[in-house]
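S.K.: the sequence and its predicted three-dimensional model are supplied below.
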Amino acid sequence: MKLNATILYSCVDDEREEASTLPSEISPPAPASIIVGYAFTSKKKKSFLKPKFIRLARNKGIQFVPIDLKRALSEQGPFNIVLHKLEGRDWSQVIEVCALNFILVYESNGLVLLWNFYCVASFFQSHSISYFPLKDYQRLHPEVTVVDPPEAIQHLRNRQSMLEVVADLKLPESYGKVCTPRQLVISKNPTSVPDEVVKAGLTVPLVVKPLVVDGSVKSHALFLAYDHISLSELEAPMVLQEFINHSGVLFKVFIVGESIKVVRRFSLPDLSETDISTNSGVFGFPRVSGADSSADDVDLDPAVAELPPQPMLEMLAKELHHRLGLRLFNLDIIRQKGTKDLYYIIDINYFPGYGKMPDYEQIFTDFLVSLVQS
Ligand SMILES: Nc1ncnc2c1ncn2[C@@H]1O[C@H](COP(=O)(O)OP(=O)(O)OP(=O)(O)O)[C@@H](O)[C@H]1O
Ligand SMILES: O=P(O)(O)O[C@H]1[C@H](OP(=O)(O)O)[C@@H](OP(=O)(O)O)[C@@H](O)[C@@H](O)[C@@H]1OP(=O)(O)O
Ligand SMILES: [Mg+2]
Ligand SMILES: [Mg+2]
């Protein structure tokens, strides 16, 4: 047992330190009726757990407590709610901690059984299968609401599966049509890519995106490809997605449970026929639609600025919430240039940068209260 503990606990030290500087822990805590355990990267903690939010939440009896990734989850808490967003590497550390947790829980049942449970966890890990024992924690502690289920989040950690869900939707088109750009997954390294692209009937330019989205900088490193041939320079696994002209404006639709907020961001500019025929090669491009690219207070052509219709977004959010089994995500939506109502979803992010969403403090506080009430 102890041996496992030594192997399993090898995790970020600055996490605890930073957490201890949160305002809720500086001033004497008000009596809290909702304890929210959180496991965040330090980046997420900084952008999400801002002082104003913590104050507002505290006034509603909500207290945020960092989950210590070095200790078994069952030894911590009690929590009413668990929020989590960690990078790939950190997630696997949580997996290991939880594997130990599992062993502890079953201790009284004897060694053979214990060992088996550990083996199951190791097997899943070594085969890169989604095995995230927060699920087991949830089973052992049904009174705790884990937001969101790890296996549901897995869908959004792959740029193919994230959009498949959208492609399967059959929404009424009364307010607009929602689809996804045509795309091709390249799994292996890629001399045959140009042929595959032609065979799949994809037209250039293409946006090239890493297949896996694990929160790392690399998973956000995107390229624009003007020809098929140069694609073999890029590293698989990747997704090749047709570029859609959309007047350089993107809509970020933030979903928090039942609430929806839309913001406008700048995006890649349109590409003309001349751009397409005169350029060749692949070009990396930086994050163009980050929080610092707001287009909310900019003088735009009203036809470009017009937000997607609210009833369409409500249907979409409800359906995706249901199908994905997630409550915290955002959608990147673009409207094809020259159309009034043809929309493409190009990206879905789990637990996005809510810290820049207008009124997130109130919306999130209400969400957390509603979780406990329901
Ligand atoms: N199919 C497309 N057609 C046109 N522009 C696109 C397309 N896909 C992506 N873009 C542009 O590239 C940007 C980044 O793409 P995407 O959102 O897929 O990447 P990401 O790294 O997942 O971003 P995020 O920071 O939102 O997670 C978009 O904001 C948009 O400007
Ligand atoms: O940094 P921002 O506030 O812009 O938030 C970004 C967030 O970073 P964070 O984890 O620090 O919140 C990113 O998370 P990772 O995939 O890298 O884990 C990703 O979700 C982006 O889509 C978010 O941008 P948004 O979609 O909200 O504009
Ligand atoms: Mg995006
Ligand atoms: Mg994304």
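M.R.: Everything's here; your move. Small disclaimer: the values here were computed from a predicted structure and weren't measured. Ligands and ions are numbered 1, 2, ... in the order given.

S.K.: how about the helices in the stretch 201-350 of the chain?
M.R.: Assigned by DSSP state H, counting those that start in this stretch, the helices in the stretch 201-350 of the chain fall at 273-278, 302-305, 310-324.

S.K.: most packed of those helices?
M.R.: Each of the helices of the stretch 201-350 of the chain was scored by mean neighbour count; the highest is helix 310-324, a mean of 17, by mean count of other C-beta atoms under 10 Å. In this view, the C-beta of every residue, glycine as well, is placed from N, C-alpha and C.

S.K.: quick check: what element follows whichever strand or helix holds Ile35 along the chain?
M.R.: According to DSSP states H and E, Ile35 maps onto strand 34-40. Counting by DSSP H and E, the next helix or strand C-terminal to strand 34-40 is helix 42-48.

S.K.: ok, that following helix near ligand 1 or not?
M.R.: No. Against ligand 1, helix 42-48 shows no contacts by C-beta under 6 Å from any ligand atom, the least distance being 12.4 Å.

S.K.: quick one: mean pLDDT for that helix?
M.R.: The average pLDDT within helix 42-48 is 95.

S.K.: go on, stretch 280-293?
M.R.: For stretch 280-293, the per-residue pLDDT averages 95.

S.K.: and it, which residues are buried?
M.R.: 282, 289 (16 or more other C-beta atoms under 10 Å).

S.K.: anything in it near ligand 1?
M.R.: Yes. Shown here: stretch 280-293 in contact with ligand 1 (C-beta under 6 Å from any ligand atom) through 287-289.

S.K.: which ones are touching Asp341?
M.R.: By C-beta atoms under 8 Å, 6 or more residues apart in numbering, the residues touching Asp341 are 175-177, 309, 335.

S.K.: out of those, who's the most crowded?
M.R.: Among those, Arg335 has the most neighbours (other C-beta atoms under 10 Å), with 23 neighbours.

S.K.: mind listing what the spatially closest residue to that one that is not a sequence neighbour touches?
M.R.: Leaving aside its chain neighbours, Arg335 sits nearest to Tyr343 (5.5 Å; criterion: C-beta to C-beta, 6 or more residues apart in numbering). Contact analysis of Tyr343 by C-beta under 8 Å, 6+ apart lists 176-179, 308, 312, 333-336.

S.K.: wait, which of the helices of the stretch 201-350 of the chain is closest to Val144?
M.R.: Nearest to Val144 among the helices of the stretch 201-350 of the chain is helix 310-324; the distance by C-beta to C-beta comes to 20.4 Å.

S.K.: from the chain's centre, how far out does the closest one sit?
M.R.: The chain centroid and the centroid of helix 310-324 are separated by 17 Å, computed with C-alpha atoms, centre = their mean, to the nearest Å.

S.K.: who's in contact with it?
M.R.: Applying C-beta under 8 Å, 6+ apart, the contact partners of helix 310-324 are 152, 155-156, 165-166, 168-169, 171-172, 174-176, 178, 253, 255, 257, 260, 262, 326-327, 329, 331, 343, 348.

S.K.: state the mean pLDDT of that helix.
M.R.: 97.

S.K.: send me that helix as PDB with only the CA atoms.
M.R.: Output of helix 310-324 as PDB, limited to C-alpha atoms (Å, rounded to 0.1, in the frame of the first residue of the first chain):
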ATOM      1  CA  GLN A 310     -31.100  33.500 -29.600                       C
ATOM      2  CA  PRO A 311     -33.700  30.800 -30.100                       C
ATOM      3  CA  MET A 312     -31.300  28.900 -32.400                       C
ATOM      4  CA  LEU A 313     -28.600  29.200 -29.700                       C
ATOM      5  CA  GLU A 314     -31.000  28.000 -27.000                       C
ATOM      6  CA  MET A 315     -31.900  24.900 -29.100                       C
ATOM      7  CA  LEU A 316     -28.300  24.200 -29.800                       C
ATOM      8  CA  ALA A 317     -27.100  24.700 -26.200                       C
ATOM      9  CA  LYS A 318     -29.900  22.500 -24.900                       C
ATOM     10  CA  GLU A 319     -29.300  19.700 -27.400                       C
ATOM     11  CA  LEU A 320     -25.500  19.800 -26.900                       C
ATOM     12  CA  HIS A 321     -25.800  19.900 -23.200                       C
ATOM     13  CA  HIS A 322     -27.900  16.800 -23.400                       C
ATOM     14  CA  ARG A 323     -25.900  14.900 -26.000                       C
ATOM     15  CA  LEU A 324     -22.400  15.800 -24.600                       C
END
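
S.K.: so what's Thr180 closest to, chain neighbours aside?
M.R.: Leu163 (4.4 Å).
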